[in-house]
Each structure stands twice: as structure tokens, then as C-alpha cells.
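**Q** quick one: sequence and predicted model below, then my questions.
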Amino acid sequence: MTAARAFFVMLLLAALTAPGFADMDAALDLTDEATEALEDGKVEKAQELFREAPEEEAGCIPARSGLGEALLTEGKIKEAVIAFRKVVRTVEADAGIPSAWKKHAKTARKHLDEHDKNGAALEQMVDDHVDKVFRVATKYRTKDPDLSARALDIVLTLRPGHARANELLESMSRKGARKEAIFDGKQISDWDGGRGQWWAVEEGVIVGETKGVATYIRNQKEIEGNFDVIMEARIATVYDESPFVALMASWKAEFDHSRLGTLSGALRWFEYKSENEKDRVFMKDAGGLKRPYDPAKWTVYELRYREDYIHAFLNGREVHKIKRAEGRAGGYVGILAQGCRAEIKRLDVLYR
């Protein structure tokens, strides 16, 4: 194992052992083999292994970068350009990428400047367009919020991770709402549910740590009307095959509530009606969403209850909505952990 690979594996295992990253070790093994093959002049073998590595884990940036280098070695400029574009796009779309891997994006950009003049011109056109659309979003954020939101959606589609667009979207979604912190950052001693050995507050963060069991806690104040419930959480450590962290809103009972969270590496939204009746209204792998996310990093889960609909948001972006049933007029707010160390640093309600 190379020293670089050992560092990457250690870094990733420390940050994440959740599903979706379970095959990074295999991807890095293949990347090491490919790098050695390339150094030995076995270019075709190197390309084969570099292509195989992302099949194990799509986020393996060293493999994508290595493929570009191998293709350049054979003079396959067009294919190399495609590989380097993927490196740049992947790094730009994931703010949580290991810092040591960002050098691959820097190298990829240099290759693109040299070999992809038309692509560089296109990127500049996109940047210019994004700037113009963002100016529209800024100009109409008060006069026409819907138009501004549409403009921000275009910006974030073209440039995922656009910091100013995300900040503006966040500020717009909060304007005019009265915020109340359900978790004060200090204690959960007056909350109901299965605390005991499973729940605690550590350095201002709620920690639910369970193995082989699902457990929840909830506040003691009911919420009604139009409101948003926001949870910022992460799965810090995985213990079982089905790790789960979830926001439980409009909570009437253990089997009567809305539940939004990450289960086994997928975003899932359940509507519980009784112990034997529930609807899975949405499910999609974390990496398969239009805007992928990493459950091991701080993620914002949000349920917005309005007169006619319930909207589910992830990191400030709407992912799904359903009709609001009469039984969802309101209730308590809870959080759930299962088979993992779940950490929750924010739990708020916004009254609309």
C-alpha cells in the first residue's frame, strides 16, 4: 500500500464508514495497481484499472485523474479531456472532498487549459451566464421571490455548490419566519423517549448512539399551523447494516408522524399512520439525487408544512412534496437513531 493511499484510507475511515463509501478501499487498491501499471509502461492495463476503480466508488478522484493521465500518454486527447472534466466537476460539486485530492482538480484544469480550448470557452460562457442569472436572483429577491428562486435553481444546476446562491436561498427561505430552537445546545433532560444509555449531549451536540436498536426522543411542546422543522445531522459512525438518522415531525405517537432521514445510505421519507400502516413516499440513494450528499457530513433535513402540502427539503433544496392530510395538522418534534452514532447539532422550528 502506498503512503498516499494509506493516508486517504485513514482519512476516509475516520470521517465515514457509512454505505456509499464502503467500496472506497477497493477503489483505491485498483488505483494503486493502475498507477504501478502506468509507471511500468503497461498503459492499456492502467486504463482498464483506472476505469474499474470508479465502478467501485464513483467519488474516487485519484482514479479519474489517473485515467486522464493514462489517456494522454497514448495521445487520446478527446478521451483525456472528458476524464479531466469529470475530475473538475466532481471536485466542484463536493465541498467535503478530501483536501489532499483537490490537487487533482488543479492538475486537471491545467490539462484542460492546454488541450480543451473550446471547452474552456464554453466554461467561460457558462460562468458569464451564471453571473447574469445570479444578478436577476439578487435583484428580484424581494419584489418577486418566486422568480428569484427559479433563477437560483438555474445557478445551482449549472454550478452546484455556488456559495452566494446557497446563502441567498437560505436567507430567502427564512425571511418573515419566527424561529424557535427546539434544542438549546445544552440539554435534553426534559425530552420524552428512550434516552438512558442511548442519548446524550456532548459539546453542544445531541448524540444518539445505538447498536442493533432504533431509539427516539421528542420535545414536549406541540407545534401547529404552518411551520418548518429543520434538523442538521450526520451519521458519524456506522455499527449495523441499516444505519438510520431521521427527523420525526408532526409527531402524535411512535407510529403516527412524518419521518425524513437517511437509512442505509438513501434519503427516505415515510408517513406513519399506525403500527401496521405506513407510506414510503420517497426514497433515493444519497449519491443518486440531483444534488448528491454525504450522510456522514453535516446535512440539513427539513419538512415544511403548509395549508395543502408537506414539502421535504435537503440542504435547502426541495426533493419531494405530498398532499397534507388532516391528521398532519401538527404535533411534537422528535429525532431517531438506529445502528449508528448519530449527531444532531441543530433542531429548529420556523413558524409561518
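**A** Done, it's in.
**Q** which residues are in contact with the closest residue to E69 other than its chain neighbours?
**A** Excluding the flanking residues, the one nearest E69 by Cβ to Cβ, 6 or more residues apart in numbering is L38, at 7.1 Å. Yep, even glycine has a C-beta here, placed from its N, CA and C like the rest. Shown in contact with L38 (Cβ atoms under 8 Å, 6 or more residues apart in numbering): 46, 66, 69-70, 73.
**Q** in helices, which of those residues fall?
**A** Counting by DSSP state H, the contacts of L38 place 46, 66, 69-70, 73 in helices.
**Q** please convert the contacts of L38 to a markdown table, extending it with neighbour count, pLDDT and distance to A249.
**A** Listed next are the contacts of L38 as a markdown table, based on neighbours: other Cβ atoms under 10 Å; pLDDT from 0 to 100; distance: Cβ to Cβ, whole Å:
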| residue | neighbour count | pLDDT | distance to A249 |
| --- | --- | --- | --- |
| A46 | 26 | 89 | 51 |
| G66 | 27 | 91 | 45 |
| E69 | 22 | 91 | 49 |
| A70 | 27 | 91 | 50 |
| T73 | 14 | 89 | 55 |
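**Q** biggest separation within those residues, which pair?
**A** Longest distance between any two of the contacts of L38 is 10.6 Å, between G66 and T73; criterion Cβ to Cβ.
**Q** care to break the chain down by domain?
**A** Per the record's domain assignment (automatic domain parsing), the chain is made up of the domains 3-115, 119-174, 178-351.
**Q** what's the least confident stretch among those?
**A** Among those, domain 3-115 carries the lowest mean pLDDT, a mean of 78.
**Q** excluding chain neighbours, give the residue nearest to F84 in space.
**A** Closest residue in space to F84, ignoring its immediate chain neighbours: A108 at 3.9 Å, by Cβ to Cβ, 6+ apart.
**Q** can you get me a residue count around that neighbour?
**A** The burial count assigned to A108 is 27, neighbours taken as other Cβ atoms under 10 Å.
**Q** and stretch 38-47, end to end?
**A** 8 Å (Cα to Cα, to the nearest Å).
**Q** okay then, goodbye and thanks.
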